[in-house]
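Novice: Got a sequence here, can you build the structure:
(chains A and B)
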Amino acid sequence: MRKLVLILCGILLLAGQLAAQTRTVSGRVTDATGNPVPNASVTVKGTRAGTTTNATGNFTLVLPAGAQTLVISGIGMTTQELGITASNVYDVSLVQESRGLEEVVVTGYQTRRKKDEAGAISNVSGKTIENLPNPSLDKALQGRAAGVLVQSNTGIPGGAINVRIRGTGSFLAGTQPLYVVDGVQLNTRNDANFTQSNPLSFLNPNDIESIDILKDAASAAIYGAQASNGVVIVTTKKGKAGKTRFQFNAYWGQSNPIQKLDVMNSQQMFQLRTEAVGNTNNLPAGDLSVKRAVLNEFRVPITNITTDKAADSAAAALPTYDWQDEAFRTASVQNYELSASGGNERTTFRISGSYSFQEAIITKADFTRGTLKFDLSNKATDKITINTSLNLSTFNQNVPFTVDGSFLGSPAFSSALIYPFNPIYNPDGTYAGVPPANLAGILNQNVIAVNDFNIGNNRTNQLIGNINLDWKFTPWLTYRPFFGLDYRLVQGKLYRDPRTPDGFNRKGLGQVQSSWNTNFLTTHTLNYLFNIAEKHKIDGLVGYEYRLEDQEGIATSAEGFPTYQFTTLNTAATPLSASEFYSGYRRQSLFGSLNYNYDGRYILSGILRYDGSSRFGENNRYGWFPSIRGAWNIDNEAFMADNYWINTLRARASWGVTGNDQIGNFDGLGLYGSASPYNGSAGITFNQLSNPELRWERNQSLNLGVDFGFFKNRINGAVEFYNKLTTDLLLSQPVQYTSGFTSITRNVGEIENRGIELSLTVQPIKSKLADGFNWTSTFIFTHNKNSVKKLYVDPTTGLDLQELPGDPGTRVGRELGSVFTNRYAGVNPATGRPMWYDIKGNPIYTVQNQDRVYIGDQQPNYFGGFTNTFTYKGFTLDIFFNYEYGRWAQDGQINFMIENIARFNGVLDVWNDRWTKPGQVTSFPRMRSTGAEPKGSAAGSGSRTWFKADYIRLKNVTLSYDIMPDITRRLKLNSARFYLTGTNLWTYSDWFSYDIEFFGAVNGVQGTGIIPQARAVTFGIQLGF
Amino acid sequence: MKKIIFQLTLIALMGTTFVGCKDALDIEPRQSIDANDALTSRDGINAAVVSVYSRFKGVRLYGRDYIALPEALADNGFATNKSGRLLNEANNVFRAHFTEAAWQTAYAGINQANLIIETVPGVEAPGITPADKVSWLGQMYFLRALYHFNLVLAHSYIPGAVVGANDRGGVPLMLKSTSTATGALELKPSRAPIADVYASIVSDLEAANSRLTVSGTPNLANKAAAQALLSRVSLYRKDFAAAKKWADSCILLAGARLTSGASYVSNWRSATHTETLFQLVFATNAENNGVNESLQTSFTTLTAPGNTTTTGGFGDLVPTISLLNDLGITLVGGNTSGNFQGANAAIDTALSSDDVRNLLYEVGTLGRGKSYVECTKYIGKNGFINLDNIPVIRIAEVFLNRAEAMATPGSPVFDEAAALADLNRIAKNRGLNEFTLTGNDLYEEILRQRRIELAFEGHRLWDLKRLGRDLVKSPHYNTVAFSDIRILAPIPTREVDGNKNLVQNAGY
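Specialist: Residues are numbered from 1 along each chain as shown, chains lettered A, B, ... in the order given. Below you'll find the model as predicted:
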């Protein structure tokens, strides 16, 4: 109707001006990607003449006499002015407005104007993350939203990503946020046995319209018991009415290692090993018997080596081979996608398909994905709209030897550690040291051959889709039934080739697994919206939700294959194992929200959710999750109306309660489970004590925020302060092993996360012209302080426990997973023995429990990102850094490589820094073949292996060029863009292992044998037609 | 308005289909069963009994550590550093000892045994006979004793050989089950006196002995095994009369199982050695302890006796020079430190003794660097590499227990002639000439034969420790004096941290 009025007005205006008209101009308004902008207003400055664009973005306007400037504006777009010239054609590309507050946000079951929201919600537009070579959307969030920490734990394409929103609030339960894609609550557990398969990889990130992150408990409370870690709501691209538009996008590229490790050569290795053997046997390293022993270890025939000279020349003759060079590869990245979108006023659709391929830089690991996405919306009647969104996705991954760990056959682990004198190939070009032969040293497998021979792959098929209805009962009441399905089938196979050491004696080992997960969700909401009087607006919803999840799997293995060409289990001689797995849970909930808005100035809203989950003890199945939010839009007050430099100013406050139900499905039950068989019979054992009181973790958080925009919003942003207190923490409370059990899951502890978030966008240079020079800079900063407030009351003493038994890193007053160990005191210059400080500060030779002290924190205190975007004409340059500060970490790979044993290769620092003679002041102990000195602790004990993991990384740089509209039109294209993207181009840090970004378990050692992330460069092209 | 009411009613109806279901949240695990239902059937109890046995197969218990660590920590084992495993134990590095996992697994086994012991007398279900109940109880008492015995050996001194300054008592004696969360949280046991732990072990074994029957299979607890273990425990705690009494009784039952000559060796090549009174059986290859820590990979690089062309495991722990000397094995080039460590091993058969037990020691492969003489008592004799039944007690030991009980000065059953007869029974069956020894020479020869007979079966540390002897490890490693705190394993830190009643061993 409104449209009709506008059109009529336009005609009337047109008619009114006919008399004086001199000429007619036309043109087309598009957005930055070349899509048409319908309903954009085109007016002539200083007159009442104007029109709006049609569905294809075209307009025609009759210019009044004296017209000099066209003013073009669209909703959510920056207004542009265009000087009128002799030309009769004016094509305009509008850019997205940086005034964030006019945007809409998806708040869970509802889409609302950001200006009406009082919670802490970050929005990441699909545009900012498009065309980056990330297989999954979680990775793309890194550094883009304040308060959201994103860390990779592997360089396997499609591998797991760690996302923490506002710190870690749990010891035991999951810490990852809830992901909701187009209303479907996803299961993001990795089900692959042989590689990492991130379920979020199902979605081509370029199909994402926007991502909204509910950070404060008050906003997330609508998701109740699953929202404690925040909620990431992903909205995918949908169809738009108008002529069917196609978009083709492709990129190609390469990736390379960020760094390889500087390791020792064979002569250095020989020297270190003689020192180690000599020191252990109280002989000088130069003693002939020591040299002979080491040469013998190095497989040099020693029968004729009877003099020092002969031994030295044999050592000097050892060749050095670069195993890392052979193990790493230049990996390729490819991505192709095609989409079509269109429809009419009743029906809109969008179809997109994509193919993407990405390799890891070491091992055979790769990632091949095909996706098909289909969105349809139909206005069946004036009151009923049917929507559906279906994502079909399959990805196939060649698997690495292992995902991580110190496995002899893993190239990611071993290639830097194999004794360097071991040849990789025989002179005839075949692999050296393959069974029945092997390489010298503990790492005796030719990992290049192992990687070449073994095969394994993992296929993940996912169907994620929904059907929903918008049924307008009355203008103010809509019923929205929603049915969603997240179905996943994971099939994996791993074959240890009989030509490799792990398969040789057993004549090949084959393993297959299959697991499927069915996650069904239905939601029924009644949304209401009405104005009581002109100034009182009320909206909200009430709803019911049911979620069911069943996870099943089977796995089997066999050995004894006829030849290496046979890899299917039916050809194997001996079946080894067969296993089956089942788990699942149910949840049902009632929820409602009520938002009240007075005159656009005062906003008050409340949420209440009642959740029940089968995961909890029978006495605590259900719970309430309330929240309240308020905001004052100061900029809408009358007294602000004339303010010249403050354009946006809002104050917000919120309080709410959410829960964390990410625990095992049957943790509350007393169970007898399967035990190892004996004497041909199956066993069972009492393995879990019952806890009928088990319930969700309760996260209570307070959020204060200010949104601001100054100088026509050229400086804008938001500051948030939060205090998030998690109580009733699920804790695996250790019990004495003598009870027969190890721990009981109970709701006992408390953790607090307090923090400040800042997102600031500044436009230092802003051109008045559409294609002028613009510079936009966005800075994201987060400070989070985590602190354990309470553990539990010791039942025997009645006192609050200060430290978790056996887990000194969990103690009251410190961060969760703080590093609490013996402080390394360096090396005794007289003897070369490693020392650690005792509690009084005296250096001693052993690490004792009572001497442990606080070293640091394993979570970053400060992190975020910094983006600069420059545009000029068709060029856009986007430079994005991310950073972390204040984290301590241990790197498992490095722990092996800084040993003082020389049982395998190590970093060059060992050679440079080791203690060799009395009086030498160094921190690296003398070599010793046992590692530890007699009556001393192992050299790798205490804080010696903990390092600061601070970094700044140039994460992405993208340079793109949009061909000017007048050229594209001649090419019969709507838009054309070329882009060049670099990833991980530069890093500032002291870290000396493969990659600083690795993230391990809270108390785990990260990085052992992990495939590192890569530095990638890609080139792409995007065409609209 | 009427329409709205209709529509709302429709929603309400749809809603109630879900909300109305009270059992909307009902879901049962399929891989586990309710603890209250587990021990109510014959099959259920049998399956629970199985788990008390099967825990012993783990690599932190008999699967490796109970066998390999007493050799590595004492003077029988030299660590070759081929995988790096057992290197610290052989060097007696501080805290390289019996582990937290062993403690945890053993007490979990004890609790399961206690649950069965407490449930069985009162359980009534189809198929359960009185004989079942007696058998279950006999097996559980036997296994509970074996768990406690291994714990107290590792963490405490042995009666009669105690360093007072370092003594912190025995281990917690768990004779009652824990089955509730409250019970587990409130359990804070202290260490029972050493004597009490031993008394309880003896009492459990006696209870087992009175319930168990003589059985052909050594795979399950049986009467002969209970008596054999009683003779060992009694000998350890210097109750020589009881050691002799139980040995007598056991030899009466199973003395004929002692093998001789070539049969002794060939028995080590078959899955079950005839001499075995109790062993942990590995029935299928799915139970394999694997390429890293099985006994075969720990002790030898060979995959089959005599085949040095194929390299299998790591061969991390091999006989020391002093064990080779006792065995009467001489290397080509002599049993010197330089030759032992510097050259590939070769056995000089001309200079080696006729002891058939030497045939269980062979030169390993060159596949992982320098070769050593390796023990092949575990060589995949169950038909798969790294799959070996593990003998816990053999009849040969019972003869040696009795001989020692009768040859120890001051023993109430002191009888040198009888002791010599037992010693010679072993010697003769192993291809050695009979001894004619008395006094200390006889006593030391019994100990030496014990070392040879039981080498790489997990005895050496206990045999030295119960006699208060130093661990003399030259020329490979520094000697560990009996007074050194490293004689005892630490109590798991986590256990001490969480329980003020539990005292850590001295020096840890």
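
Novice: tell me which element residue A:593 falls in.
Specialist: For residue A:593, the host element (DSSP states H and E) is strand A:574-598.

Novice: which stretches of the stretch 1-150 of chain A form strands?
Specialist: Residue ranges of the strands in the stretch 1-150 of chain A, as given by DSSP state E, counting those that start in this stretch, are A:23-30, A:41-44, A:50-52, A:58-63, A:69-73, A:80-83, A:89-93, A:104-106, A:111-113, A:121-125, A:148-152.

Novice: Adjacent strands (with direction) for the last one?
Specialist: Counting by DSSP bridges, the strands paired with strand A:148-152 are strand A:161-165 (antiparallel).

Novice: In the strand it pairs with, which residues are buried?
Specialist: Of all the residues in strand A:161-165, those buried under the rule 16 or more other Cβ atoms under 10 Å in any protein chain shown are A:161, A:162, A:163, A:164, A:165. For the C-beta atoms, the positions are set from N, CA and C on the backbone; glycine is no exception.

Novice: which other helices and strands contact the helix or strand that that strand is followed by?
Specialist: If you walk from strand A:161-165 toward the C-terminus, the next helix or strand you reach (DSSP H and E) is strand A:178-181. When contacts are defined as 3 or more Cβ pairs under 8 Å, 6 or more residues apart in numbering or on different chains; DSSP states H and E, strand A:178-181 packs onto strand A:231-236.

Novice: contacts for the strand it packs on?
Specialist: Surrounding strand A:231-236, the residues in contact under the criterion Cβ atoms under 8 Å, 6 or more residues apart in numbering or on different chains are A:106-108, A:137-138, A:141, A:163, A:165, A:177-182, A:203, A:207-214, A:219-220, A:223, A:373, A:375, A:389, A:391.

Novice: go on, stretch B:458-465?
Specialist: With Cβ under 8 Å, 6+ apart as the test, stretch B:458-465 has contacts from B:62, B:66-71, B:73-76, B:153, B:157-158, B:161, B:236, B:397, B:447, B:450-451, B:454, B:470-471, B:482, B:487.

Novice: Surely residue A:867 is within a strand?
Specialist: Yes. Secondary structure of residue A:867 (DSSP: H, G, I helix; E, B strand; the rest coil): part of a strand.

Novice: was I right about it contacting residue A:777?
Specialist: Yes. Under the contact definition of Cβ atoms under 8 Å, residue A:867 touches residue A:777, with a separation of 7.1 Å.

Novice: Tell me which of these two has more neighbours.
Specialist: Taking neighbours as other Cβ atoms under 10 Å in any protein chain shown, residue A:867 and residue A:777 compare with residue A:867 leading, 20 against 16.

Novice: quick one, what contacts that one?
Specialist: Taking Cβ under 8 Å, 6+ apart as the definition of contact, the neighbours of residue A:867 are A:128, A:143, A:777, A:778, A:779, A:780, A:878, A:879, A:880, A:881.

Novice: mind checking the SS state of residue A:810?
Specialist: Under the three-state scheme (three-state DSSP), the conformation of residue A:810 reads as strand.

Novice: Sketch out the low-pLDDT regions of chain B for me.
Specialist: Under the criterion pLDDT under 70, the flagged ranges of chain B are B:1-22.

Novice: can you pull out the strands in it?
Specialist: Along chain B, the stretches classed as strands by DSSP state E are B:32-34, B:77-79, B:276-280, B:317-319, B:361-363, B:373-375, B:390-394.

Novice: With the stretch 201-350 of chain A instead?
Specialist: A:208-214, A:231-236, A:242-257, A:331-343, A:347-359.

Novice: In TSV, list those along with mean neighbour count.
Specialist: Shown next, in TSV, are the strands of the stretch 201-350 of chain A (neighbours: other Cβ atoms under 10 Å in any protein chain shown):
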stretch	mean neighbour count
strand A:208-214	23
strand A:231-236	24
strand A:242-257	18
strand A:331-343	19
strand A:347-359	20
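
Novice: Residue 330: how many residues sit nearby?
Specialist: Picking chain A for this. For residue A:330, the number of neighbouring residues by other Cβ under 10 Å comes to 11.

Novice: look at chain B instead
Specialist: Residues within reach of residue B:330, counting by other Cβ under 10 Å, total 17.

Novice: Correct me if wrong: residue B:420 contacts residue B:435.
Specialist: Yes. Residue B:420 lies in contact with residue B:435 (Cβ under 8 Å); the separation is 6.6 Å.

Novice: and the stretch 351-500 of chain B, which residues reach chain A?
Specialist: By the rule Cβ under 8 Å from any Cβ of the partner chain, the part of the stretch 351-500 of chain B lying against chain A is B:367-370, B:385, B:478, B:492-495, B:497-500.

Novice: State the helix or strand in which residue A:480 lies.
Specialist: According to DSSP H and E, residue A:480 maps onto strand A:477-496.

Novice: What is the distance between whichever helix or strand comes after that strand and the centre of its chain?
Specialist: From strand A:477-496 onward toward the C-terminus, using DSSP H and E, the following helix or strand is helix A:501-504. Centroid separation between helix A:501-504 and its chain, computed with Cα atoms, centre = their mean, to the nearest Å, is 36 Å.

Novice: what does helix A:501-504 rub up against?
Specialist: Contacts made with helix A:501-504 from outside it, assessed by Cβ under 8 Å, 6+ apart, are listed as A:408-409, A:434-436, A:438, A:444-445, A:450, A:454, A:495-498, A:509, B:291.

Novice: For it, list the C-alpha coordinates in PDB.
Specialist: This file holds the C-alpha atoms of helix A:501-504, laid out as PDB (Å, rounded to 0.1, in the frame of the first residue of the first chain):
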ATOM      1  CA  PRO A 501      56.100 -49.900  10.600                       C
ATOM      2  CA  ASP A 502      52.700 -49.800  12.200                       C
ATOM      3  CA  GLY A 503      51.200 -52.100   9.700                       C
ATOM      4  CA  PHE A 504      54.200 -54.300   8.900                       C
END
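
Novice: who's in contact with the closest residue to residue A:444 other than its chain neighbours?
Specialist: Setting aside the residues directly before and after it, residue A:444 is nearest to residue A:438 in space (Cβ to Cβ, 6 or more residues apart in numbering or on different chains), at 4.1 Å. With contacts defined as Cβ under 8 Å, 6+ apart, residue A:438 is in contact with A:444, A:445, A:446, A:501, B:311, B:367, B:368.

Novice: just checking, the last one touches residue B:301?
Specialist: Yes. Distance between residue B:368 and residue B:301: 5.7 Å, which falls inside the contact criterion (Cβ under 8 Å).

Novice: Quick check: neighbours shared by the two?
Specialist: B:82, B:311, B:314, B:315.

Novice: tally of neighbours for residue 240?
Specialist: Looking at chain A here, since you left the chain open. 16.

Novice: meant chain B, my bad for not saying
Specialist: Residue B:240 is surrounded by 22 other residues when neighbours are defined as other Cβ under 10 Å.

Novice: Show the contacting residues for it.
Specialist: For residue B:240, the residues meeting the contact criterion (Cβ under 8 Å, 6+ apart) are B:234, B:405, B:406, B:408, B:411, B:412, B:413, B:414.

Novice: Restrict the residues you listed to the buried ones and give me that as a ChimeraX selection.
Specialist: To isolate the buried ones among those in ChimeraX, judged by 16+ other Cβ under 10 Å, type:
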select /B:234,405,406,408,411,413
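
Novice: Tabulate the strands of the stretch 1-150 of chain A (TSV), appending mean pLDDT and mean neighbour count.
Specialist: Below are the strands of the stretch 1-150 of chain A laid out as TSV (pLDDT from 0 to 100; neighbours: other Cβ atoms under 10 Å in any protein chain shown):
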stretch	mean pLDDT	mean neighbour count
strand A:23-30	83	19
strand A:41-44	82	20
strand A:50-52	78	20
strand A:58-63	83	19
strand A:69-73	83	19
strand A:80-83	80	16
strand A:89-93	82	19
strand A:104-106	78	21
strand A:111-113	83	13
strand A:121-125	89	20
strand A:148-152	84	23
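
Novice: In JSON lines: the ones you listed, plus distance to residue A:631.
Specialist: What follows is the strands of the stretch 1-150 of chain A, written out as JSON lines (distance: least, Cβ to Cβ, whole Å):
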{"stretch": "strand A:23-30", "distance to residue A:631": "33"}
{"stretch": "strand A:41-44", "distance to residue A:631": "29"}
{"stretch": "strand A:50-52", "distance to residue A:631": "32"}
{"stretch": "strand A:58-63", "distance to residue A:631": "37"}
{"stretch": "strand A:69-73", "distance to residue A:631": "26"}
{"stretch": "strand A:80-83", "distance to residue A:631": "31"}
{"stretch": "strand A:89-93", "distance to residue A:631": "34"}
{"stretch": "strand A:104-106", "distance to residue A:631": "13"}
{"stretch": "strand A:111-113", "distance to residue A:631": "12"}
{"stretch": "strand A:121-125", "distance to residue A:631": "12"}
{"stretch": "strand A:148-152", "distance to residue A:631": "22"}
